[in-house]
Structure formats: structure tokens, C-alpha cells
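Asker: could you work out the structure for the sequence below:
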Amino acid sequence: AKRLEIAKLLCWEIAKPWADALAEVDRTVAYGRDTAAALKALERESARFSLDGGFLAQVRRAPLGVALCMGPYNYPLNETFATLLPALVMGNTVVVKLPRLGVLCNMPLLDAFAEAFPPGVVNILPGEGSVVVTPVIESGEVDILAFIGSAKVANALKRKHPNPNRLRSVLGLGAKNPAIVLKDADPVEAAKECLSGALSFNGQRCTALKMLFVHRSIADKFVAELAAGMGKLKAGMPYEDGVALTPLPESGAVDKMSAYLADAKAKGAKVFGARAGETERTYFQPAVVYPVKKGMKLWDEEQFGPVVAVAPFDEADEALDWLAASHYGQQASLFTRDAAAAGLPVRGPQGLGGGDAVGDRRPAGVLHPRGRGGQAVAQGRGPSPRRPPRPPLPLPNDRRPAVAPAFTERRRVRGRWWRLSGWR
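Answerer: Have a look, this model is predicted:
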């Protein structure tokens, strides 16, 4: 019953299609189970000693303090819980600032929190972020900022903390994810996949494809297929069967999308698609923009909506240079029939590292991540460099630092005596 109730609230408040709303609820439940499993694995690991480099150690983790958890409006249930659950199960007190849009879907779960935790452990904070979050962060009582949203807001919040050097951050920020369609790729199949990747939930996803680099020799065919496929998508209200395109919930989003089209057309691009760019109150008809080039807003701004930017290239290095210059974190998709070419970005100087896109069908990698830290229970994931780091050079024995341990003791473990050294 709660599943359907929450899905309905997602439909009504943020215009998420019914199938996607159900999927978000199910994904959140699965995330909770995975978090519990990760906690059990961590407890098993912490219960035993490990021998490393001649030292026997037992590592135990402790709560950090008060966590301020903030999720985005596009996945107000799943992403909010992605910040909340790891902090909570590790014993931290949490203050949850609900998204400005997407408050209602969390309401059916508040009674469960009240029954499961003592007063003051889980604190729910609705309202305008600039009004309600500022005094919380300025108090200096927040130890962890777990935030998914824009870099601008994240930086502003960190600056307001009286001791930003002591504030730990787990951030998931903006992205301008590209697809690179090489010369030998099938433009029909590539266009089909890119359409899904770019317009699922109207493109309002941090993992959505937001810049499509296509080899010039197949770009016209690709754009035609993309526009044709876009014309087949059903528009309507989120609770209607088979609807793929819905109104945009965020205030001003329609005007922002229209501004992107106006800027691109003024600088030489064309707009493709049936009724592309037409608006009706909060609805914006998706548009393909081609050719996108440097100097246009779509070139380096995250559009976060149903505007699909396509840029032609002659050499793959042009797309890789764009990746390296971008200030966003990236997930990249590559379309080719050549296995050797598929490894090109991985071998390139930009250091496209291994990564995953949960719930996405497209192959993905991570290029200088969207934020810092990780939402896993056991450990966070630090920033990946743009270029692969050089391995440290081994030091000869006579140049290795000699550091004496602060204490040494003997301890009997599993019937054997061990010498333990460490620093207090």
C-alpha cells in the first residue's frame, strides 16, 4: 500500500511517469537492503584482526556526529535516502532537508522513523533551503554534509560553516555526460540508445546524456533518426499509460530551455523535431539542436531538461579534449563496432576510469567525479585524477623513513602471541 501511495505522490508532485515512479520506490527499497547487507559485512570485517605489513590490527568505525542530508527534486525519495541511510546506520544523528519539490513522497515514511528511532535521531526539515538550512550550517554543529545537487549550492553551504576544514563532505554534483558516436557506429541504433539516455524523465537526471558527439560523416543521419524517434514519444500527464514526456516541475525550467534554443539558433545552430521547442504552461516539447559548438550555452552548461545537444567531430580527440576541459564530472558512452576503438578513451590522457551507472544500460566510466566522498557504508570513493597518477618510485633501504612506533605490546590472539605496534 505504501509503495503505491508514494508512487502516486511522485507522479503528482514532480510529474514523474507512473512506471518511473514505481521504479524509484522499488530502487529505494533495494538500496535499503543493500545498505543493511553492507553494514553486516562491515561488522564481520571489524570483528576480526588483520595482518598487514607486519602489524596486527583491528579496525572499528564510529559515528562522526551530525549529518545534514539533502537530496534533489528529480529523485526526492531515492537520492534523499541515499544520503540518509548510510549516515543513519553508522550511528550518526541526521538532519534531513527535504527537497523543495518532492516533499510529499517522504511523508508516508515519517511514522516508521518515529517508531524505529528515539526522538532527535532523525530530524526532518522542510522549507526553502536558503531560509531553513543556513542557520543549521552556521551553527557549526553539522559534522557531515551529504548533498546531491548543484556545485554552486554545495560550495555556498560549505562556506557558511564556521569551521569548513572540519566539515566532511559527501557530494554528488552536476554532470554534462557525453556520448561519443564513432565513424563505424550504426547511426540508427546509436540514435535509439541516445534518445533513451537523453530524455528519460525529460532529461532531468544527473546521469542523462547531455552532449552527443557524432562523427561528421554520419551526423546528418544520426540527427534525422534522433528527431524521428523523438516524434514517436508520447506526451501527457504522468499517470497516463505509456507516457514518456511530462510537464517540468521546476519553476522557470520552460523559460530556461527556450533560452538555450534561442542562444543556439542565434549562433548558427538549427532545431530539429516535430513541434520542437513549443511550450504549454509547464510543458516543453523536446528539441534536438545541431550543430552545437563552442561559444553556445549548450556547449558547456548542463541543460537538465529536454534539449538534446549534438556536436559533430572529425577526430575522436576533439571529444576527449572537451571532456578534459569540462569542469563537470562525467559518465561517457561510446558507440562503435571496433573493440580496439572502444578502449581509446580508457587509454587516453584524460584517464577515463572505471565506474558504474546504477540503473543505466549504457556502458559508462567516470571522469574526474561529480563530487567528493561516497555514499557507501564501508568507504567513500575519492576523486579520480584527470590523468592516471604515476606509481610511487620504490625507495632504497637506506632512504626509507625510520619512524619508531609510539607503543609496542604483546597480545595473544587465537592461541598465538603477536607483537602490536602503533601510534596513540
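
Asker: for the stretch 1-150 of the chain, which spans come out with low pLDDT?
Answerer: Within the stretch 1-150 of the chain, not a single segment meets pLDDT under 70.

Asker: helices of that one, residue ranges please.
Answerer: 2-14, 18-46, 78-89, 110-116, 129-138 (DSSP state H, counting those that start in this stretch).

Asker: for the last one, packing partners?
Answerer: Read that as helix 129-138. Here helix 129-138 touches strand 66-70, strand 93-97, strand 122-125, helix 151-160, going by 3 or more C-beta pairs under 8 Å, 6 or more residues apart in numbering; DSSP states H and E. All C-beta spots, glycine's among them, are computed from the backbone N, C-alpha and C.

Asker: possible to save those as a markdown table with mean neighbour count and distance to Ala15?
Answerer: Output for the helices and strands packed on helix 129-138, formatted as a markdown table (neighbours: other C-beta atoms under 10 Å; distance: least, C-beta to C-beta, whole Å):
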| stretch | mean neighbour count | distance to Ala15 |
| --- | --- | --- |
| strand 66-70 | 24 | 21 |
| strand 93-97 | 21 | 22 |
| strand 122-125 | 16 | 24 |
| helix 151-160 | 16 | 22 |
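
Asker: wait, isn't Leu209 in contact with Leu195?
Answerer: No - Leu209 is beyond contact range of Leu195, at 9.1 Å (criterion: C-beta atoms under 8 Å).

Asker: compare neighbour counts for the two and give me the winner.
Answerer: Leu209 (27 against 24; other C-beta atoms under 10 Å).

Asker: distance of the more buried one relative to Pro178?
Answerer: Counting by C-beta to C-beta, to the nearest Å, the gap from Leu209 to Pro178 is 7 Å.

Asker: cool, Glu79 as well?
Answerer: 22 Å.

Asker: so which residues of the stretch 201-350 of the chain form strands?
Answerer: 209-215, 270-272, 279-280, 283-284, 287-290, 307-313, 330-331, 333-335 (DSSP state E, counting those that start in this stretch).

Asker: reformat the ones you listed as JSON lines; add mean pLDDT and distance to Pro162.
Answerer: JSON lines is the format used below for the strands of the stretch 201-350 of the chain (pLDDT from 0 to 100; distance: least, C-beta to C-beta, whole Å):
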{"stretch": "strand 209-215", "mean pLDDT": "97", "distance to Pro162": "36"}
{"stretch": "strand 270-272", "mean pLDDT": "98", "distance to Pro162": "49"}
{"stretch": "strand 279-280", "mean pLDDT": "96", "distance to Pro162": "44"}
{"stretch": "strand 283-284", "mean pLDDT": "98", "distance to Pro162": "42"}
{"stretch": "strand 287-290", "mean pLDDT": "98", "distance to Pro162": "45"}
{"stretch": "strand 307-313", "mean pLDDT": "98", "distance to Pro162": "40"}
{"stretch": "strand 330-331", "mean pLDDT": "80", "distance to Pro162": "34"}
{"stretch": "strand 333-335", "mean pLDDT": "92", "distance to Pro162": "42"}
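
Asker: burial measure for Glu45, as a count.
Answerer: 14.

Asker: again, but for Phe117
Answerer: Phe117: 13 neighbours (other C-beta under 10 Å).

Asker: what residues are up against Pro249?
Answerer: Pro249 makes contact with 13-15, 73, 101, 282, according to C-beta atoms under 8 Å, 6 or more residues apart in numbering.

Asker: nearest spatial neighbour of it, chain-adjacent residues omitted?
Answerer: Ile14 (4.4 Å; C-beta to C-beta, 6 or more residues apart in numbering).

Asker: tell me the contacts of that neighbour?
Answerer: 73-74, 76, 101-102, 249 are the contacts of Ile14 under C-beta under 8 Å, 6+ apart.

Asker: mind running it again at 10 Å?
Answerer: 21, 24, 73-76, 99, 101-102, 104-105, 201, 204, 238, 246-250 (C-beta atoms under 10 Å, 6 or more residues apart in numbering).

Asker: just Pro187 next, same as before
Answerer: Pro187 touches 181, 194, 214-215, 217-226, 335, counting by C-beta under 10 Å, 6+ apart.

Asker: for Ala57, state which of the residues you listed is nearest.
Answerer: Phe335 (47.1 Å; C-beta to C-beta).

Asker: beta partners of the closest one?
Answerer: Val181 (DSSP bridges).

Asker: that one: neighbouring residues, count only.
Answerer: Neighbour count of Phe335, defined by other C-beta under 10 Å: 26.

Asker: is it correct that it is in contact with Glu193?
Answerer: Yes - here Phe335 lies in contact with Glu193, judged by C-beta atoms under 10 Å, at a distance of 7.3 Å.

Asker: give me the buried entries from the contacts of Pro187.
Answerer: 181, 194, 214-215, 218-219, 222-223, 225-226, 335 (16 or more other C-beta atoms under 10 Å).

Asker: how about the residues you listed in a markdown table, adding distance to Pro312?
Answerer: Output for the buried ones among the contacts of Pro187, formatted as a markdown table (distance: C-beta to C-beta, whole Å):
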| residue | distance to Pro312 |
| --- | --- |
| Val181 | 10 |
| Cys194 | 14 |
| Val214 | 6 |
| His215 | 7 |
| Ile218 | 9 |
| Ala219 | 4 |
| Phe222 | 9 |
| Val223 | 9 |
| Glu225 | 15 |
| Leu226 | 13 |
| Phe335 | 14 |
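
Asker: any weak-confidence spans in the stretch 201-350 of the chain?
Answerer: 343-350.

Asker: could you pull out the helices for it?
Answerer: So, for the stretch 201-350 of the chain - with DSSP H, counting those that start in this stretch - the helices run 216-231, 253-266, 297-300, 316-325, 339-342, 344-347.

Asker: can you redo those as CSV with distance to Leu51?
Answerer: Compiled in CSV, these are given as follows (distance: least, C-beta to C-beta, whole Å):
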stretch, distance to Leu51
helix 216-231, 56
helix 253-266, 56
helix 297-300, 50
helix 316-325, 42
helix 339-342, 41
helix 344-347, 35
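
Asker: isn't Ala269 right up against Leu261?
Answerer: Yes - using C-beta under 10 Å, Ala269 is in contact with Leu261, at 8.6 Å.
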